[in-house]
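# Structure of the sequence below:
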Amino acid sequence: MTTRKVENPNKKGNAAFIWAVLAVLAIALLVIGLIVYNGRENRNAAMQEEMIDATGINVAWNEDEDIIHLTGSNKDAKTAELFEDFSCSHCADLHAVSDEAMLDKLKAGEINVDLRPMTALDNGQIGHSTEALAAELALFAHGDVNQAFTLRDYLFTNQQSAYNKYDNDGFADLARDYGASDDAVRDIRDGKYIDTAKRMGDANRAYQEDKTGEAWTPRVLVDGKDIEDIQGDRNDWPQTLSEL
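Model prediction:
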């Protein structure tokens, strides 16, 4: 008696079907990979376009100080004290109309600025103002000046969408995407400058109160007087300062 092996007539068809499915999946994965890669490249390109070139601006900050000194080519140019808070909507408004002029006049040696950040809108807690300032301080501490100015600009320009969006990890990832140094990114992620930021914010509020009897942001003081009380509109304070 002869036994014949009966084969499934669909066997070859099933194998072809499986290979076709695998090919489709491979193509899909390739397409997804290209989309992700191109998306990352486009995002990096867009972020590079956002970068602020701070060439010509000298930044000096002693970690025991509450002032970030910004000077251009003329250290004897008139100096303003700029008080700002990353959670302050009016600070964002002032930034939008005056920051480009401030940077240009710093580079030209026409003005100098003592940046005095505040964190009053965190109401004594560790919130957006404090964490954002801590990230900025980490960048300045490691000499990542372009990244510090770019982060500052991003947080004010996009304040409505950025407010309370980032924790330490989020700020660290943002700084990394801007090309910050590994040391700065690590310090942001670890919250190294949180206490420093809180101290700085509290000290600058107390400084204003001691000097003028009250404190608010945004505020531009020159020789202890509000810039708008000296001459002109606060929105034009870099121009006004350069003419003093």
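
# So what are the structural domains in the chain, by residue number?
In the assignment given by the TED database, the structural domains of the chain cover 13-50, 56-243.

# which of those sits most buried?
For those, ranked by mean neighbour count under the definition mean count of other Cβ atoms under 10 Å, the leader is domain 56-243 at a mean of 19. C-beta coordinates here come from the backbone N, C-alpha and C atoms, glycine included.

# got a list of what the residue nearest the centre of the chain touches?
What sits nearest the mean C-alpha location of the chain, by Cα atoms, centre = their mean, is residue 151, with 1.6 Å. Residue 151 makes contact with 132, 135, 136, 139, 171, 174, 175, 178, according to Cβ atoms under 8 Å, 6 or more residues apart in numbering.

# again, only using 10 Å
50, 52, 86, 132, 135-136, 138-139, 144, 171, 174-175, 178, 180, 188 (Cβ atoms under 10 Å, 6 or more residues apart in numbering).

# Residue 83 now?
Going by Cβ under 10 Å, 6+ apart, residue 83 touches 91, 114-118, 120, 204-205, 207-208, 215-221.

# again, but for residue 194
Residue 194 makes contact with 126, 130, 131, 133, 134, 135, 137, 138, 168, 188 under the criterion Cβ under 10 Å, 6+ apart.

# what pLDDT does it get?
pLDDT, residue 194: 98.

# from now on call the first residue 394
Shifting the count to begin at 394 puts that one at residue 587.

# now stretch 512-530: mean pLDDT?
Stretch 512-530 comes out at a mean pLDDT of 98.

# what's the answer for stretch 567-582, then?
When the per-residue pLDDT values of stretch 567-582 are averaged, the result is 98.

# what's the answer for stretch 479-487, then?
Taken as a whole, stretch 479-487 has an average pLDDT of 98.

# Just give me how far that stretch sits from the chain centre.
The chain centroid and the centroid of stretch 479-487 are separated by 14 Å under Cα atoms, centre = their mean, to the nearest Å.

# Only alpha carbons, please: show that stretch as CSV.
What follows is stretch 479-487 as a C-alpha-only set of coordinates in CSV (Å, rounded to 0.1, in the frame of the first residue of the first chain):
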residue,chain,number,x,y,z
PHE,A,479,9.3,84.7,33.7
SER,A,480,5.7,84.4,34.8
CYS,A,481,4.9,88.1,34.3
SER,A,482,2.7,88.8,31.2
HIS,A,483,3.7,92.5,31.2
CYS,A,484,7.4,91.4,31.2
ALA,A,485,6.6,89.4,28.1
ASP,A,486,5.0,92.5,26.5
LEU,A,487,8.0,94.6,27.3
